[in-house]
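Visitor: I would like to see how this sequence folds:
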Amino acid sequence: MKKTQQDKLAELLIQAESDKVTELKNTNKRLLRQIEKLKDKKADLVEAVYKGAKDGMSTVTLPKAVKPKKNKSKGQEICVPLLSDIQLAKNTDTYNSKVAHKRVVKYAKKIVNLSQLQGENHTIKRCVVLALGDIVEGELIFPGQAHEIDSSLYKQVTVDGPRMLYEFFNILLSHFETVECHWVIGNHGALGGRSRRDYNPESNADRMLGKILETMFKNEPRMKFHIPEKKWYTIADLGVKAKFFCFHGDNIRGSMGLPFYGYNKKILGWKALASAELMEEFTHAVCGHYHTPTSLYLNDVRLWVNGSTESHNGYALEQLASMGRPSQFCLFVKPSKGVTAEYLVNLEGE
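Guide: All right, here's what the predicted structure looks like:
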């Protein structure tokens, strides 16, 4: 039976389809072989990289990590805490005699902690406290003060003050080999209210408190007080480059907050007098009074203005729109170099 034209066409289509499939299969095999070759090349390349890295590392000598050696030749440093403006007996919404006591004790403990931290790289056996006045709040310092205190001047000076600071210095004595205190008076230690100018300059509640403490520690050979009898300032001579001019700061006049101009005028004036040998030489200056901790460079003299332990001051809030947080400065000093570290110690919270 003869094939029809339609049958022939179908056979041709089948043959063409078969040839196409065969060609596709061959192409697929060829591509697979190429992929295998590329995989082999990649494997060879990775192996070559690892081998090269290994060979390279075998020629490198890596030093072992060495433990840091403790410095056996530690330099001597002195811990120098500033203590001022405790305003003991001041009574506000957040401050009173009990709070003052707690914060002063807390400060002593923080001084010890800081000295331990600083002592990792230095030998610190000596502590010199610079007490800068206004330890007590006093009485009759300004009109209406009687309504803002929780105890009499008698109790501030003879009961609460000695108890508070005896604990403070005892904590320091438990850590340092020797403790000294350079003590100056503040304006809140003045007696007699408006007639205070008629009193002898030695009559000051801060000075009385200092003398009581000196008597309390008279049998402790590791504790020494330096309390000037009539002067409002003292020089704490801790070394060639560590002579501290200590004063309270109420004689620095100014307005509208911290009196930067007043500090500049007075400190540089005193420095000029010292250069002329009309007063003792000093390299640094420290004071309190303004309850605003700050530090200034006045030519070659560094000044620290200490904070206060109080946490509220109605007068400053109303008159100056200003309020500080409870804090005190703690310095570390190398006698031959001066101040090497400074900390502003926060005394907020429990």
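Visitor: where do the strands sit along the stretch 1-150 of the chain?
Guide: Shown for the stretch 1-150 of the chain, the strands assigned by DSSP state E, counting those that start in this stretch span residues 75-83, 122-131.
Visitor: which one of those lies closest to residue 275?
Guide: Residue 275 lies closest to strand 122-131 among the strands of the stretch 1-150 of the chain, at 22.8 Å (C-beta to C-beta). The way it works is simple: take the backbone N, C-alpha and C, and place the C-beta from them, glycine included.
Visitor: from the chain's centroid, how far away is the very next helix or strand once past the closest one?
Guide: Sequence-wise, the next helix or strand downstream of strand 122-131 (DSSP states H and E) is helix 153-155. Helix 153-155 sits 34 Å away from the centroid of its parent chain (C-alpha atoms, centre = their mean, to the nearest Å).
Visitor: so what's the nearest residue in space to residue 283 that is not next to it in sequence bridging to?
Guide: Here the nearest residue to residue 283 in space, its sequence neighbours aside, is residue 243; by C-beta to C-beta, 6 or more residues apart in numbering that works out to 4.8 Å. According to DSSP bridges, residue 237 are recorded as the beta-bridge partners of residue 243.
Visitor: pretty sure residue 243 sits against residue 285.
Guide: No. Contact criterion C-beta atoms under 8 Å: residue 243 and residue 285 do not qualify, at 9.8 Å.
Visitor: okay, those two: which has more neighbours?
Guide: Each of residue 243 and residue 285 has its neighbours counted (other C-beta atoms under 10 Å); residue 285 has more, 24 against 19.
Visitor: look up phi and psi at that one.
Guide: In terms of degrees, to the nearest 10, the main-chain angles of residue 285 are phi -140, psi 140.
Visitor: distance to residue 311 and mean neighbour count added to the strands of the stretch 1-150 of the chain, as a markdown table?
Guide: A markdown table is the format used below for the strands of the stretch 1-150 of the chain (distance: least, C-beta to C-beta, whole Å; neighbours: other C-beta atoms under 10 Å):
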| stretch | distance to residue 311 | mean neighbour count |
| --- | --- | --- |
| strand 75-83 | 17 | 23 |
| strand 122-131 | 21 | 21 |
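Visitor: turn those into CSV, columns for distance to residue 5 and mean pLDDT.
Guide: As requested, the strands of the stretch 1-150 of the chain are arranged in CSV below (distance: least, C-beta to C-beta, whole Å; pLDDT from 0 to 100):
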stretch, distance to residue 5, mean pLDDT
strand 75-83, 114, 94
strand 122-131, 112, 96
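Visitor: okay, buried residues for stretch 337-350 please.
Guide: By neighbour count on 16 or more other C-beta atoms under 10 Å, the buried set for stretch 337-350 is 338, 339, 340, 343, 345, 347.
Visitor: now intersect these with the strands, please.
Guide: The strands in this structure, assigned by DSSP state E, contain 338, 339, 340, 343, 345 from these.
Visitor: about what we covered before: can I get the strands of the stretch 1-150 of the chain in JSON lines including distance to residue 279?
Guide: Below are these laid out as JSON lines (distance: least, C-beta to C-beta, whole Å):
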{"stretch": "strand 75-83", "distance to residue 279": "21"}
{"stretch": "strand 122-131", "distance to residue 279": "18"}
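Visitor: which residues in the stretch 1-150 of the chain form helices?
Guide: Taking DSSP state H, counting those that start in this stretch as the criterion, the stretch 1-150 of the chain contains helices spanning 5-58, 97-118.
Visitor: lowest average pLDDT across these?
Guide: Ranked by mean pLDDT, the helices of the stretch 1-150 of the chain bottom out at helix 5-58, which scores a mean of 67.
Visitor: so which of the strands of the stretch 1-150 of the chain is nearest residue 104?
Guide: The stretch from the strands of the stretch 1-150 of the chain with the least distance to residue 104 (C-beta to C-beta) is strand 75-83; that distance is 7.9 Å.
Visitor: CA-only coordinates of the closest one in CSV, if you can.
Guide: Included here for strand 75-83 are C-alpha records, laid out as CSV according to Å, rounded to 0.1, in the frame of the first residue of the first chain:
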residue,chain,number,x,y,z
GLY,A,75,55.6,56.5,92.2
GLN,A,76,54.4,57.9,95.5
GLU,A,77,51.1,59.9,95.3
ILE,A,78,49.0,61.7,97.9
CYS,A,79,45.2,61.5,98.1
VAL,A,80,43.9,65.1,98.6
PRO,A,81,40.1,65.2,99.2
LEU,A,82,38.4,68.6,99.4
LEU,A,83,35.8,68.9,102.2
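Visitor: list the pairing partners of that strand within its sheet, with orientation.
Guide: Taking DSSP bridges as the criterion, strand 75-83 pairs within the sheet with strand 122-131 (parallel), strand 327-334 (antiparallel).
Visitor: now render the ones you listed as TSV, adding distance to residue 109.
Guide: Listed next are the strands paired with strand 75-83 as TSV, based on distance: least, C-beta to C-beta, whole Å:
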stretch	distance to residue 109
strand 122-131	13
strand 327-334	12
